[in-house]
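Undergrad: Just a sequence and a predicted model for now, questions to come.
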Amino acid sequence: MNFQVNLVEDEQNLGEVIKAYMEKEGWKVKHFTNGKEAYDNIENPPHLWVLDIMLPGMDGYQLLKAIKRHEDTPVIFISARDKDLDRVLGLELGSDDYLAKPFLPEELVIRAKKLLQRVYPQDEQEAEKIELNGYTIDLHGRTVFDGNNLVDLTTKEMDLIILLTSNLGNALSREDIIEYVWGDDYYGSERAVDDVVRRVRKKLPRIHVETLYGYGYRVLSS
């Protein structure tokens with residue numbers, strides 16, 4: 001499964017480091033630097049929230065309560081405060097794990113991976129494969145096979161084909177594609193989308209990526 005993680009950490013540098021480590025796992029990460037900004041995105045729940053406790057605007061406790069009122073999404077708390085008190089309060093409010101600062105980003109990734117595997121069982125993940133025109137697209141393993149041959153795709157190419165085939169037949173705007181493949185903080189040209197589409201068409205010629213002129217792209221079922 002291509003997991004979506006919402007990270008709420010007001011220390012910009014630490015947040016960027018955590019985001020980079022999680023993206024190495026193939027996860028999509030949205031980084032929020034204050035509680036209010038994160039609260040405004042509760043209507044679009046991720047697979048996992050990672051929350052700092054001390055946040056400007058709305059602290060982690062308040063945000064956790066709001067998240068749990070909306071949906072039972074798993075949450076990992078991180079904090080530099082009294083770890084015993086924060087751990088107890090966090091668990092009482094519904095957090096699933098707790099990690100005290102300072103910590104190694106690798107440890108957070110390991111804890112997040114174990115939590116995701118527990119909440120989203122492996123058998124469900126393995127079922128997320130798409131068979132399309134002789135290709136097998138493994139959404140969890142992030143691989144594409146042409147018969148028994150692995151197709152060599154870059155990270156961006158893999159992101160694009162996962163997005164398009166997961167929305168088979170649906171039109172996706174260039175803005176939609178940019179947000180998923182490059183993230184919210186991308187400020188480059190939309191031509192980057194066209195370039196990745198061109199490469200995917202060359203590597204996966206039997207997948208019909210249709211151009212919707214002036215809008216975006218979609219993949220048809222045949």
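TA: Structure's in. What do you need?
Undergrad: top helix in this protein by residue count?
TA: Once the chain is assigned using DSSP state H, the helix that runs over the most residues is helix 105-119.
Undergrad: domain assignment for this protein?
TA: Listed domain ranges for the chain are 4-122, 128-219 (source: automatic domain parsing).
Undergrad: for the shortest one, what is the average pLDDT?
TA: Read it as domain 128-219. The average pLDDT within domain 128-219 is 89.
Undergrad: With stretch 67-75 instead?
TA: Averaging pLDDT residue by residue across stretch 67-75 gives 83.
Undergrad: How about residues contacting it?
TA: With CB atoms under 8 Å, 6 or more residues apart in numbering as the test, stretch 67-75 has contacts from 42-43, 45-51, 64, 93-97, 115-116, 119. For every residue, glycine as well, the C-beta is placed using N, CA and C.
Undergrad: how about a cut-off of 10 Å?
TA: Counting contacts by CB atoms under 10 Å, 6 or more residues apart in numbering, the residues outside stretch 67-75 that touch it are 6, 8, 38-39, 42-43, 45-51, 60, 63-64, 90, 93-98, 112, 115-116, 118-120.
Undergrad: and the end-to-end length of that stretch?
TA: The straight-line separation of the ends of stretch 67-75 (CA to CA, to the nearest Å) is 9 Å.
Undergrad: buried stuff in it?
TA: Buried residues in stretch 67-75, counted by 16 or more other CB atoms under 10 Å: 67, 73-75.
Undergrad: again with stretch 41-59
TA: Counting neighbours by 16+ other CB under 10 Å, stretch 41-59 gives 42, 46-55, 58 as buried.
Undergrad: next one: stretch 151-171
TA: For stretch 151-171, the buried set under the neighbour-count rule, 16+ other CB under 10 Å, comprises 151, 153, 156-165.
Undergrad: which element is Gly57 on?
TA: Counting by DSSP states H and E, no helix or strand carries Gly57.
Undergrad: picking up where we left off before, and the domains of the chain, which is most packed in?
TA: Of all those, domain 4-122 carries the top mean neighbour count, a mean of 17, counting by mean count of other CB atoms under 10 Å.
Undergrad: circling back: which residues does the longest helix of the chain contact?
TA: Counting by CB under 10 Å, 6+ apart, residues outside helix 105-119 touching it are 1, 3, 5, 7, 14, 17-22, 24-25, 27, 47-48, 50, 72-76, 78, 96-99, 103-104, 125.
Undergrad: what about the helices in the chain?
TA: Applying DSSP H to the chain gives helices spanning 12-23, 35-39, 60-70, 83-93, 105-119, 122-126, 155-166, 174-181, 191-203.
Undergrad: Tabulate the ones you listed (TSV), appending distance to Tyr215.
TA: Output for these, formatted as TSV (distance: least, CB to CB, whole Å):
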stretch	distance to Tyr215
helix 12-23	28
helix 35-39	29
helix 60-70	32
helix 83-93	43
helix 105-119	34
helix 122-126	32
helix 155-166	14
helix 174-181	7
helix 191-203	11
